[in-house]
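Trainee: with the sequence up front, the predicted model follows.
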Amino acid sequence: MKNHYQLLVIGAGPAGLAAAADASRLGLDVALVDEQKAPGGQIYRNVGSAREGVRTYLGKDYLRGKPLVEEFLQSGAIYINNASVWYLDERLETGLLIDGASHFITADRLILATGAQERPMPLPGWQLPGVMTAGAGQILLKSAAMIPNGRVILAGSGPLLLLIAWQYLRAGVKIDAIIDTTPWSSLPGALPYLPRALPAFDYLLKGLSFMLAIKKAGIPVYKAVVDLRAEGHESLESVSFTTGRGKGNERTKISIEAETLLLHQGVIPNLRLPLAAGCEVEWDAQQQSWKTPKDIWGQSSVDRVLVAGDCAGIVGARAGELQGRLCALQSAHQLQKIDLEQRDRVATRIKHSLKKHLSIRPFLDTLYPPARAYQLPEDETLVCRCEEVNAGQIRQAARMGCVGPNQVKAFTRCGMGPCQGCLCGSTVSALVADETGASMEQVGYFRVRPPFKPITLGELANT
Amino acid sequence: MFRLIDETSVDTLKLSIEGREYEVPVGISVAAAVLLCGFDKVRNTPVTDSPRLPYCMMGICFDCLMIIDGVPNQQACQLEVRENMTIEVQQGAAELLQER
């Protein structure tokens, strides 16, 4: 590992892998840094060592990551794995923590491909042992071939919830219930976007096939659910909720025993490193999340920083990969490895394909909006899991005059814990906006500060 | 709470969790191992002393902080199991490391 590269790519998911592989082939001196031990990101996690057998339960989309990982490994790009980025500043100095030692790397260009995280779903009891994200369940499946033992419930909204239900069914898990919090009202809103989504009809077919498999398996599915709660003392004991209006316009209160509850309400960009690099972020009302604005080539608001994949706004794995390739072309052009004509010629096909994969997004975004109840939780619900601050305390801080999340942090410690607001940031901004009547743009987001990861003084000194 | 899909044909290693020896598959994360061995918590929170288990499994939430080989505040979901590793439940805030 050198201390300077022409191009440093952060994140080994589809966007980062494609960016690093293409840039290296175009003649750039490239390193790719990633926190995991093997390339693939979360979507293709562990795919390099996946045996053919996993196709039966993870599906063929997962194995699509295999050639991409191969392509990257053979590209000549330097791969720095098991490396946590604990520091990044506006001069683009990147601090890595690798096996108890700290390293600093600089680069002429930085491509951030830090992907997505699940949108926090604060509801009563979500901190109880036994409640996890649906993504966590999927990571256990991909990286450890582990499945829930005992009664398991999936709850929330969005395509990933359907996918993991399908994967669990294939892996032999008995799912006790699927609790869908998608409001009835979202479908009429999404339908106008359906014609525009037709170029990506394979996504639609896939979704329908998951729904069909769930129906065929006879799993109880509760639709348009409200008032979802995880209940228990030292751990999850049951999940209670109120069903959507049935034929007679009635609602029913239901409680189901469970040991595991997997929550999901969509994914949001992982913005920590774009923010640390000084990139502007903006509120995306359609995706109900902050994102890093960029041009078609991935150029962010900061001169030498490009962004690709979900960290720039949720696009999915296939589109992320294509965005990574465009970033590679642009970096190679900026660093004088290819001329404008060559860049544009190679980019034509990539852009065409990207357009197709992006066409499904407006439909999905409007079909699966996050429910308001889990963006603006009731007062007693925990919002900040680290410092254990509830929604009532945040509302109180806003009423006292805190105009944004950074002031709320100073007054309540909310967002001051080790996750630095990853699990509360979007909720805090929404609560302050709701309480003060300001817009999300006016309220803003948490500032991020290194160290992004716990690092001991010993590790810091060990260079 | 969790089990292996296929218990056969898995290479294993030995490690200790809360002073007891366990045999777990090679290559999995510490957080996965703790779930597999049926533990009901990885830590107690510093503010209300509440039990927690891993939540996101991808390094975002920091709910899986444990004491690993004597070092507190380690993200159990980001560390791979090793032979003879010592894993302990973290009680409240991390204590300062003694000279090693």
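Mentor: Received it, and whenever you're ready, just let me know what you need.
Trainee: what about residue 72, how many neighbours?
Mentor: Using chain A. Applying other Cβ atoms under 10 Å in any protein chain shown, we find 25 residues neighbouring residue A:72. To be clear about C-beta, it is placed using only N, CA and C from the backbone, and glycine gets the same treatment.
Trainee: correction: the question concerned chain B.
Mentor: Neighbour number of residue B:72 under other Cβ under 10 Å is 19.
Trainee: which of the three states applies to it?
Mentor: With DSSP: H, G, I helix; E, B strand; the rest coil as the basis, residue B:72 sits in strand.
Trainee: contacting residues for residue A:415?
Mentor: Residues near residue A:415 by Cβ atoms under 8 Å, 6 or more residues apart in numbering or on different chains: A:384, A:386-387, A:405, A:408-409, A:421, A:424-425, A:428, A:446.
Trainee: spatially nearest residue to it, not counting backbone neighbours?
Mentor: residue A:421 (3.7 Å; Cβ to Cβ, 6 or more residues apart in numbering or on different chains).
Trainee: just residue A:41 next, same as before
Mentor: That would be residue A:13: by Cβ to Cβ, 6+ apart, it lies 2.3 Å from residue A:41.
Trainee: so who does the residue nearest to residue A:415 touch?
Mentor: Residues near residue A:421 by Cβ under 8 Å, 6+ apart: A:384, A:405, A:409, A:414-415, A:428, A:446, A:448.
Trainee: same question, residue A:392
Mentor: Contacts of residue A:392 (Cβ under 8 Å, 6+ apart): A:379-380.
Trainee: so where does it fall, helix or strand?
Mentor: Assigned by DSSP states H and E, residue A:392 belongs to helix A:391-399.
Trainee: what residues of the helix or strand that comes right after that helix count as buried?
Mentor: As assigned by DSSP H and E, the chain's next helix or strand after helix A:391-399 is helix A:405-412. Residues A:405, A:408-409, A:411-412 are the ones in helix A:405-412 that count as buried (16 or more other Cβ atoms under 10 Å in any protein chain shown).
Trainee: now do stretch A:323-343
Mentor: Using 16+ other Cβ under 10 Å as the test for burial, stretch A:323-343 gives A:323-335, A:337-338, A:343.
Trainee: okay, how far is it across it, tip to tip?
Mentor: 14 Å (Cα to Cα, to the nearest Å).
Trainee: give me the contacts around it.
Mentor: Stretch A:323-343 is contacted from outside by A:6-7, A:14-23, A:26-28, A:108-109, A:111, A:113, A:296-299, A:306-309, A:312, A:315, A:346-347, A:350-351, A:354, using Cβ under 8 Å, 6+ apart.
Trainee: average pLDDT for stretch A:220-235?
Mentor: The average pLDDT for stretch A:220-235 rounds to 96.
Trainee: please flag which of the contacts of residue A:415 sit within helices.
Mentor: Counted as lying in helices by DSSP state H, out of the contacts of residue A:415, are A:405, A:408-409, A:425, A:428.
Trainee: for these, give me TSV that also has distance to chain B.
Mentor: Output for the ones in helices among the contacts of residue A:415, formatted as TSV (distance: Cβ to the nearest Cβ, whole Å):
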residue	distance to chain B
A:405	17
A:408	17
A:409	15
A:425	11
A:428	15
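Trainee: ok, now which ones touch the residue nearest to residue A:41?
Mentor: By Cβ under 8 Å, 6+ apart, residue A:13 lies in contact with A:40-44, A:113, A:115, A:309-310, A:317, A:320.
Trainee: against residue A:30, how distant is it?
Mentor: Distance, residue A:13 to residue A:30, by Cβ to Cβ, to the nearest Å: 16 Å.
Trainee: how about residue B:11?
Mentor: Residue B:11 is 34 Å from residue A:30, by Cβ to Cβ.
Trainee: same thing with residue A:106?
Mentor: Taking Cβ to Cβ, one finds residue A:106 at 14 Å from residue A:30.
Trainee: what does residue A:413 give?
Mentor: Plainly put, residue A:413 is 41 Å away from residue A:30 if you go by Cβ to Cβ.
Trainee: between these two, which one's more packed in?
Mentor: For residue A:413 versus residue A:30, the count of surrounding residues by other Cβ under 10 Å is larger for residue A:30: 29 against 16.
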